[in-house]
Each structure stands twice: as structure tokens, then as C-alpha cells.
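# Everything below, folded, please.
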Amino acid sequence: MLKLSKIYNFAKNSGMQIQENLVRIKQQIPENVNLVAVSKTKPNEDILEAYAGGQRAFGENKAQEIISKQPELPADIQWHFIGHLQRNKVKYIVPFVHLIHSVDSARLLREINKEAAKINRITDCLLQFHIATEETKFGLDMQEAAEILTSDDFVRMNHINIRGVMGMATFTEDQERVKNEFNKLVSIFKYMKTSFFKEADSFSIISGGMSGDYPLAIEAGCNMIRVGSDIFGERVY
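So this is what the prediction gives:
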């Protein structure tokens, strides 16, 4: 069994590593790129270490986990929901979530608007597009997005604010394929901007790139990245 002093030193060193990782990543990315630290499966202690290093935006992909963490951690944390969101969980996260990255259907958007209206809050969202060759990835195609944005239903949604787009590239070693997929996401953003959000200055976010591919996402033009293991180490399940 480890002595308490060894456990303390391990935790201290782990915290220092988290902050060092944050500094390294922030030095590597352009100033216009926003970093979301993906804290899913990580304990509150790790999040607090990143917080102490100046990080404020954290991403979670499960409603139950983000709901349990939010009351236990500093109030000025910006919580990003980055996973597939079930409609019956929307009401639990709408009161505090900073940005929902993963709107992939009209039904989900309606549910977010409905729950936000109940508390008179406007919830910021991204439209998630399917850019990968993997069929398991969620996301809209261009036709589905256009149908949502031109619908009478969308016009009546006064409690959501579409801030931009999100996409997940294929998990592959083929960097050319990944780069092409991020290029596709940026092209989708530009089309959406000119076609539906030309007058909306707030429509400005392109969320793409994770620990394994965020340099390629930035190179393509993404301005928000979601990085987990490069900050906190490998996930614990």
C-alpha cells in the first residue's frame, strides 16, 4: 500500500503535468482558437488543476456526468456539452450549459428551445454535421440543416442561438482524409454563414479537432478545439 506522502506527491505531480500540458498546447495554437478541455471521465480534482492553470472552458459528453460535476466546481466554469444529447436529458443541462456542440436534429433543437423558454434563457448551440466516413458518427447533412433553418418552426425558436458548426473527423491515421474532412466542415460553415446567418455576428464558431487531430483542424480553419487526453492523460472508464 502506498504511503500518504507518496499519494500526495503523485497527485501534486499529476496536477503540475496537467498545467504544463495546458501551457504547451496554448503556446502552440493561434490566439483566435478557443480551447475546450475535455474532462469526461476525469475527477473534479483534475478539473480544478486545469482551472488553477487558467482554463475555464470544459467539455463533457454525458449528461449525468456534467450534471454531477457542475454544482461541485467553480461557478465561472463554462460547461460545453460535446456528446450525443438525448432529449430527455436536455432539461437538466439547459440551466447552466455554456454551449451545446451536438445539435443533430430538429427534434433536439425544439426540445432545447422548449426547456430554455421555461427558464427564460437563451441557449447557445452548434449544428453538428456528419463529415466523417465512419457511419457511427452523428450529424446533419446540408439538406437536413437547410430544412431546419428554413422552417417556420425554427423562426419561432426564440430561446436558442445558433453560434456555428461542429464536426468529428474519421478516426484514422490517414491525415489527408482527416484534413479533407475538416476542410469540408469549414466549407459548410462558410455556406451556412452566407446563406442563413449573414447578419448574425454571433455565428462564428467552427468546432473541430481533438487530441489526435487538432493541428489539422486548425490548419483547415477551425477556431475551437476539444482536447482531452493531451491535457489530462488517457481516459479512465
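
# Distance of the residue positioned nearest the centre of the chain relative to residue 40?
In the chain, the C-alpha nearest the mean C-alpha coordinate belongs to residue 82, at 4.0 Å (CA atoms, centre = their mean). For residue 82, the distance to residue 40 equals 8 Å [CB to CB, to the nearest Å]. C-beta coordinates here come from the backbone N, C-alpha and C atoms, glycine included.

# related to what we said a few turns ago, quick check: the residue nearest to the centre of the chain touching residue 39?
No: at 10.3 Å, residue 82 and residue 39 do not qualify as touching, with contact defined as CB atoms under 8 Å.

# Common neighbours of those two, please.
Taking CB atoms under 8 Å, 6 or more residues apart in numbering as the contact rule, residue 82 and residue 39 both touch 59, 60.

# starting at the chain centroid, how far to stretch 47-64?
Once both centres are worked out by CA atoms, centre = their mean, to the nearest Å, stretch 47-64 turns out to sit 11 Å from its chain's centre.

# mind checking the SS state of residue 80?
strand (DSSP: H, G, I helix; E, B strand; the rest coil).

# Just grab the bridge partners of it for me.
Legend: beta-bridge partners of residue 80 under DSSP bridges are residue 59, residue 99.

# on that earlier part again, what do residue 82 and residue 40 both touch?
Residues touching both residue 82 and residue 40 (CB under 8 Å, 6+ apart) are 59, 60, 61.

# Pipe the residues you listed into JSON lines and attach pLDDT, distance to residue 29 and neighbour count per row.
Output for the shared contacts of residue 82 and residue 40, formatted as JSON lines (pLDDT from 0 to 100; distance: CB to CB, whole Å; neighbours: other CB atoms under 10 Å):
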{"residue": "59", "pLDDT": "98", "distance to residue 29": "16", "neighbour count": "25"}
{"residue": "60", "pLDDT": "98", "distance to residue 29": "21", "neighbour count": "26"}
{"residue": "61", "pLDDT": "96", "distance to residue 29": "22", "neighbour count": "20"}
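
# Among those, which one sits closest to residue 171?
Taking CB to CB as the measure, residue 171 lies nearest residue 61 of the shared contacts of residue 82 and residue 40, at 15.1 Å.

# Now the closest one. Nearest residue, chain neighbours left out?
Spatial nearest neighbour of residue 61, excluding adjacent residues (CB to CB, 6 or more residues apart in numbering): residue 83 at 2.7 Å.

# same question, residue 220
residue 182 (3.6 Å).

# in a helix, that's where the one you found is, yeah?
Yes: using three-state DSSP, the assignment for residue 182 is a helix.

# Enumerate every residue touching it.
131, 167, 169, 208, 209, 213, 216, 217, 219, 220, 221, 222.

# Counting neighbours, which of those comes out on top?
residue 208 (31 neighbours; other CB atoms under 10 Å).

# That one contacts residue 225, correct?
Yes: counting by CB under 8 Å, residue 208 does reach residue 225; the two are 7.3 Å apart.

# Residues that sit against both of the two, list them.
By CB under 8 Å, 6+ apart, the residues touching both residue 208 and residue 225 are residue 217.

# what number of residues lie near residue 50?
23.

# surely it meets residue 18?
Yes: with contact defined as CB under 8 Å, residue 50 reaches residue 18; the gap is 5.4 Å.

# which residues do these two both contact?
Shared contacts of residue 50 and residue 18, defined by CB under 8 Å, 6+ apart, comprise 231, 232.

# isn't there a helix covering residue 36?
No: counting by three-state DSSP, residue 36 is not part of a helix but strand.

# what sits opposite it in the beta ladder?
Under the criterion DSSP bridges, residue 36 forms beta bridges with residue 226.

# Just name the shakiest helix or strand of this structure by mean pLDDT.
helix 4-28 (a mean of 70; mean pLDDT, DSSP states H and E).
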